[in-house]
Every structure is written in structure tokens, then in C-alpha cells.
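Novice: Quick one, what's the 3D model for this:
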Amino acid sequence: MKIESLIGSLTVSIVVVQSVQAQGTLQNLDFESATLTAIPSGQYGGEVPLGAALPGWDASIGGVPVTQVLQNNITLGAASIDILGPNWTTLGPGIIDGNYTLFLQAENSGQGKVSLWQDGLVPANAKSIHFSAWESLSTAIFSVSFAGNSLSPVVLGFGQSVAGQTYTISTVPI
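Specialist: Numbers count the residues shown, from 1 in each chain. Reported below is the predicted structural model:
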């Protein structure tokens with residue numbers, strides 16, 4: 001059985017031809033809407049409510065809904081969903097952009113996929129989803145889907161996090 005394995009950080013944005021406002025549109029795509037108490041640099045946080053860390057998002061590990069995520073902390077191999085920032089400099093790629101970066105970590109012990117999603121209306125004139133991701137393992141499997149359909153990301157280029165780690169900038173047409 002093949003289980004997805006990813007250690008990565010990401011930011012997401014939807015590119016539209018023009019601005020459209022509609023009820024139920026996707027939100028917090030850059031993960032900057034967290035309402036969390038800042039953890040001092042060099043210190044680790046603990047579990048925080050998903051809604052405070054990632055407003056607008058739902059998450060699961062191995063198909064089981066997640067209600068808590070780690071703030072400024074990562075596991076040493078167990079599957080987890082973590083929000084890093086604004087003072088995160090300890091491990092991993094650091095903050096990709098802005099104040100917060102999402103860190104997804106899956107493992108091969110049978111815990112299954114680590115998933116993050118939103119339900120909402122995408123503006124009719126949206127052309128693509130852009131995202132930045134850091135994958136620490138050459139064998140990592142990172143997948144993107146829209147309305148239940150797997151999408152094939154196209155690499156646009158590369159960036160460098162504040163910590164000096166290279167991340168990939170990708171897009172997928174929708």
C-alpha cells in the first residue's frame with residue numbers, strides 16, 4: 001500500500017482575471033488570518049484550535065478530522081499539521097512568506113494522508129491556483145485536487161525562505 005509522505009510548507013493563492021466578491025468564497029489562502037498568541041523565537045508552542053490557527057480551513061490525518069494543530073512545533077516523525085510563525089526560526093524551511101507558513105507532515109507508519117481543504121465558491125473567472133511548497137524528501141508525494149479531481153502542478157520557479165531554504169513556486173489550472 002502506498003501512503004503519501006510529505007514534509008512541507010506552503011502558501012496558496014487563487015489567481016483571477018479581475019476581483020470578484022461572492023458569498024462563500026475561499027478565504028485565508030495565505031494562512032495569515034491566524035488569531036494566535038505569538039510564541040517567542042527559539043521556543044516551542046503546543047496544540048491550538050484549528051479554527052484559530054487556520055480559519056476557513058478543514059483538515060484531517062488519515063481521514064480522521066483534526067480539531068487541533070501544533071503552533072511553532074513539529075513532530076519527530078508522527079503525522080501532523082503545524083502552523084509556524086511569526087517568530088519561527090528553529091527547524092525546517094522557516095517562513096516561506098508573510099508571518100505564517102503551514103507545515104504538513106505525514107509518515108509511512110500507516111497514518112495515511114495529511115489533508116487540508118476548503119469548501120467555497122471559486123470566482124468564475126479564476127484561472128489557476130498558485131502555491132509555494134517546500135518538500136524535504138525527494139520521495140515526497142504532494143498532490144493537489146479541485147472538486148475531487150487530481151490536478152498536475154506546473155513549476156513556475158523557486159524562492160528562498162527567510163531561513164535560506166529553497167521552495168518551489170507552482171501553479172495548477174482550474
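
Novice: how about low-confidence regions in this protein?
Specialist: 1-24, 92-93, 107-111, 135-142 (pLDDT under 70).

Novice: All the strands of it, in order from the start?
Specialist: Shown for the chain, the strands assigned by DSSP state E span residues 7-16, 47-49, 58-61, 64-65, 68-71, 80-84, 101-105, 114-117, 126-135, 144-146, 149-151, 154-160, 166-173.

Novice: could those be laid out in TSV, adding distance to Thr25 and mean neighbour count?
Specialist: Placement of C-beta: from N, CA and C, glycine included. Shown next, in TSV, are the strands of the chain (distance: least, Cβ to Cβ, whole Å; neighbours: other Cβ atoms under 10 Å):
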stretch	distance to Thr25	mean neighbour count
strand 7-16	9	20
strand 47-49	23	17
strand 58-61	16	18
strand 64-65	23	10
strand 68-71	23	21
strand 80-84	22	24
strand 101-105	20	26
strand 114-117	15	18
strand 126-135	10	20
strand 144-146	15	14
strand 149-151	19	11
strand 154-160	24	11
strand 166-173	18	17
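
Novice: Now distance to Thr90 too, for those, in a markdown table please.
Specialist: Formatted as a markdown table, these follow (distance: least, Cβ to Cβ, whole Å):
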| stretch | distance to Thr90 |
| --- | --- |
| strand 7-16 | 13 |
| strand 47-49 | 17 |
| strand 58-61 | 22 |
| strand 64-65 | 27 |
| strand 68-71 | 12 |
| strand 80-84 | 9 |
| strand 101-105 | 11 |
| strand 114-117 | 20 |
| strand 126-135 | 15 |
| strand 144-146 | 28 |
| strand 149-151 | 32 |
| strand 154-160 | 18 |
| strand 166-173 | 17 |
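
Novice: Against Leu102, how distant is the nearest residue to Gly98 once chain neighbours are set aside?
Specialist: Counting by Cβ to Cβ, 6 or more residues apart in numbering, Gly98 lies nearest to Glu32, which is 5.1 Å off, once chain neighbours are set aside. Look at Glu32 and Leu102: by Cβ to Cβ, to the nearest Å, they are 11 Å apart.
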